[in-house]
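Visitor: Sequence and predicted structure below; questions after.
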Amino acid sequence: MNTPYVTLTIKNSVGYIEFFHPNRNSMPSDILFKLAETITAAGTNNAINVVVLQSGGDRTFCAGASFHEVMAVTTSEEGKAFFSGFAHVINAMRRCPKLIIGRVQGKTVGGGVGLAAATDYCLASKHAAIRLSELSIGIGPFVIEPAVTRKIGLSAMSQLTIDAETFFSAEWAKSKGLYAEVFETKEALDVATTVLAEKLSSYNPEALKQMKAVFWEGTQHWDTLLLERAEISGTLVLSDFTKNTLKRFR
């Protein structure tokens with residue numbers, strides 16, 4: 001399995017959106033665009049009552065931004081366009097009228113933490129440690145900060161951001177509210193995700209829709225806020241510090 005993809009599969013009124021990239025599920029622009037597009041389409045599909053967001057593979061949910069694409073950025077405009085990818089996905093998740101359940105089977109870094117935080121209810125395996133490494137490479141988790149802070153609070157967000165080279169355990173993430181439950185195995189996680197999603201899909205769709213709107217009340221300004229944050233990252237990525245740091249990942 002070496003070909004990147006984003007797929008949507010519908011079963012028992014649940015839309016399962018899965019993304020994959022052979023480089024630890026890192027997210028280049030085309031995958032981010034396709035993911036945002038697929039989430040938006042699922043939100044308008046009458047055959048879907050609940051959405052599950054998951055990734056392929058076993059031990060990595062998402063490695064964040066594609067370093068190869070970040071290193072290719074030569075202007076602030078290109079930088080803003082790249083970092084806007086995660087902004088568009090998070091805003092698509094926020095605007096989607098269907099509840100989104102996250103299924104995080106492994107480690108997640110940077111933008112991947114933002115995706116987990118932007119779900120409405122997130123389940124994880126014990127291997128789903130998290131890290132925000134952005135400061136260590138000369139930028140910062142600006143785009144995903146609103147989603148992460150909304151879910152775990154400013155104090156925990158600050159801890160993750162400042163301790164940028166540490167993986168925080170799945171249990172730590174659960175204690176801060178990012179994960180609702182943590183499971184011993186991927187198999188147990190998959191069973192729990194399916195059971196929850198199918199149970200929710202049997203509820204009144206209009207009630208689910210109205211509840212989703214309540215959950216995200218007061219975030220309408222994210223349409224512009226996240227793009228403004230992308231501009232900050234897009235400028236910082238051009239710094240000598242960041243360019244030199246990223247060379248280590250070639």
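Guide: Cool, got the structure. Residues are numbered from 1 along each chain as shown.
Visitor: Where is the longest helix in the chain?
Guide: Ranked by number of residues, the top helix in the chain under DSSP state H is helix 76-95.
Visitor: pull the CA atoms of it into PDB?
Guide: Output of helix 76-95 as PDB, limited to C-alpha atoms (Å, rounded to 0.1, in the frame of the first residue of the first chain):
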ATOM      1  CA  SER A  76       5.200  33.800   1.700                       C
ATOM      2  CA  GLU A  77       2.200  33.300  -0.700                       C
ATOM      3  CA  GLU A  78       3.200  29.700  -1.300                       C
ATOM      4  CA  GLY A  79       3.600  29.200   2.400                       C
ATOM      5  CA  LYS A  80       0.200  30.600   3.200                       C
ATOM      6  CA  ALA A  81      -1.400  28.500   0.500                       C
ATOM      7  CA  PHE A  82       0.300  25.300   2.000                       C
ATOM      8  CA  PHE A  83      -0.600  25.900   5.600                       C
ATOM      9  CA  SER A  84      -4.200  26.900   4.500                       C
ATOM     10  CA  GLY A  85      -4.700  23.200   3.700                       C
ATOM     11  CA  PHE A  86      -5.200  22.300   7.400                       C
ATOM     12  CA  ALA A  87      -7.300  25.400   7.800                       C
ATOM     13  CA  HIS A  88      -9.600  24.300   5.100                       C
ATOM     14  CA  VAL A  89      -9.900  20.800   6.600                       C
ATOM     15  CA  ILE A  90     -10.600  22.000  10.100                       C
ATOM     16  CA  ASN A  91     -13.200  24.500   8.800                       C
ATOM     17  CA  ALA A  92     -14.800  21.700   6.700                       C
ATOM     18  CA  MET A  93     -15.100  19.600   9.900                       C
ATOM     19  CA  ARG A  94     -16.500  22.600  11.800                       C
ATOM     20  CA  ARG A  95     -19.100  23.400   9.200                       C
END
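Visitor: which strands and helices sit next to the next helix or strand after that helix?
Guide: With elements assigned by DSSP states H and E, the helix or strand that comes after helix 76-95 is strand 99-104. On a contact count with 3 or more Cβ pairs under 8 Å, 6 or more residues apart in numbering; DSSP states H and E, strand 99-104 meets strand 50-55, helix 111-118, strand 121-125, helix 186-201, helix 205-215. In this view, the C-beta of every residue, glycine as well, is placed from N, C-alpha and C.
Visitor: Would you tell me which of the ones you listed gets closest to residue 240?
Guide: In terms of Cβ to Cβ, the element of the helices and strands packed on strand 99-104 nearest to residue 240 is helix 111-118, at 23.3 Å.
Visitor: List the contacts of the closest one.
Guide: Contact partners of helix 111-118, identified using Cβ atoms under 8 Å, 6 or more residues apart in numbering, comprise 25, 27, 53, 61-65, 86, 89-90, 93-94, 100, 102, 104, 108, 122, 124, 130-132, 141, 143-144, 147-148, 150-152, 160, 178-179.
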